[in-house]
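[1] 3D model of this:
(one chain, ligands or ions: 1)
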Amino acid sequence: MVRTGVLVSGEGTNLQAIIDAKASGKINNCELAAVVSSKPDARALQRASSAGIPGYVVDKPSYPDRMAFTLAILDTLQRADIELVVYAGFNFILEQPMIDAFRNRMINIHPTLIPSFCGMGYYGLRVHEAVLAHGVKLTGATAHFVNEIADDGPIILQKAVPVIEGDTPQTLQRRVMEEAEWIILPQAISLYCEGRLVINGRIVSIST
Ligand code: GAR
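    Numbers count the residues shown, from 1 in each chain. Coordinates of the predicted model:
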């Protein structure tokens, strides 16, 4: 079983999708061993507790800078003996020690079709506001490995979702979550835990 730690910052609907997918047998060979929240009052922590997963808080404002915050997250994950780290609505970019410790062992979900509408500053509802302002007709979600650059690592899975006339950032966010994020993130985790993801430079292949 791959001991998996999930990083969260807010609602935790992606965490819930992971918990539900695991409970219904859609994620193989994975143990949800830790949920680490950057906020003490994140709803995601309640979801972890209801599912019996140990929850930890690494409260961003209590650290002087991003490096200290990174080292605290890293320490929490290593003490919990985590092998795979999943960024599920985690709003921060972490420093190099995290990349060095978990290279090719970190998966992020981003709520667009990367490389569109991604990178520094694109998170949460802001992403969907930018999609609507640009007038694109298709958006979606991307599950990818995390590297040094925001939303740049090798792509594992993507799923497209239509933009519908009259969408607000909220309606679009919900459709992207329901039709894409909550499906491909559990799938990507299962593929990793089954040892089926092969990374060659930027290209990820799925072995049978
Ligand atoms: C999700 O839409 C996730 O893809 C997005 O934040 C939301 C968190 O929701 N993440 C990013 O924008 C990261 N760049 P959740 O807490 O309910 O899972």
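
[2] mind listing what the residue in the chain positioned nearest to the ligand touches?
    Across the chain, no residue is closer to the ligand than residue 89, which sits at 2.6 Å (C-beta to the nearest ligand atom). Every residue, glycine included, has its C-beta placed from N, CA and C. Contacts for residue 89 (C-beta atoms under 8 Å, 6 or more residues apart in numbering) come out as 8, 9, 10, 11, 12, 13, 14, 15, 44, 109, 124.

[3] now, which of these lie within helices?
    Among those, the members found in helices (DSSP state H) are 13, 14, 15, 44.

[4] Run through those residues and flag the ones next to the ligand.
    Among the ones in helices among the contacts of residue 89, the residues lying close to the ligand (C-beta under 6 Å from any ligand atom) are 13, 14, 44.

[5] how about the ones in helices among the contacts of residue 89 in CSV, adding pLDDT and neighbour count?
    Converted to CSV, the ones in helices among the contacts of residue 89 look like this (pLDDT from 0 to 100; neighbours: other C-beta atoms under 10 Å):
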residue, pLDDT, neighbour count
13, 98, 20
14, 98, 25
15, 98, 28
44, 98, 27
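
[6] And these, which is closest to residue 58?
    Each of the ones in helices among the contacts of residue 89 was checked against residue 58 using C-beta to C-beta; the closest is residue 44, at 13.0 Å.

[7] Skip the chain neighbours and tell me the closest residue to residue 66.
    Beyond its immediate neighbours in the sequence, the residue positioned closest to residue 66 (C-beta to C-beta, 6 or more residues apart in numbering) is residue 95, lying 5.8 Å away.

[8] Quick check: the two most widely separated of the contacts of residue 89?
    Among the contacts of residue 89, the pair separated by the greatest distance (C-beta to C-beta) is 15 and 124, at 14.9 Å.

[9] and this protein, which residues reach the ligand?
    Near the ligand, when you scan the chain using C-beta under 6 Å from any ligand atom, you find 8, 10-14, 44, 88-89, 109-111, 122-124, 127, 177, 181.

[10] So which of these belong to strands?
    8, 109, 110 (DSSP state E).

[11] how about the residues you listed in TSV, adding neighbour count and pLDDT?
    Rendered in TSV, the data for these read as follows (neighbours: other C-beta atoms under 10 Å; pLDDT from 0 to 100):
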residue	neighbour count	pLDDT
8	27	98
109	27	98
110	24	98
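
[12] Could I get those residues in JSON lines, plus columns for distance to residue 173?
    As requested, those are exported to JSON lines (distance: C-beta to C-beta, whole Å):
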{"residue": "8", "distance to residue 173": "16"}
{"residue": "109", "distance to residue 173": "13"}
{"residue": "110", "distance to residue 173": "12"}
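
[13] And those residues, which is closest to residue 32?
    The closest of these, once distances to residue 32 are taken by C-beta to C-beta, is residue 8, at 12.0 Å.

[14] The closest one against residue 86, yeah?
    No. With contacts defined as C-beta atoms under 8 Å, residue 8 does not count as touching residue 86, sitting 9.2 Å away.

[15] where does residue 118 land in three-state SS?
    For residue 118, the secondary structure call by DSSP: H, G, I helix; E, B strand; the rest coil comes out as coil.

[16] burial count for the residue nearest to it when sequence neighbours are not counted?
    Counting by C-beta to C-beta, 6+ apart, residue 118 lies nearest to residue 151, which is 3.6 Å off, once chain neighbours are set aside. Residue 151: 22 surrounding residues under other C-beta atoms under 10 Å.
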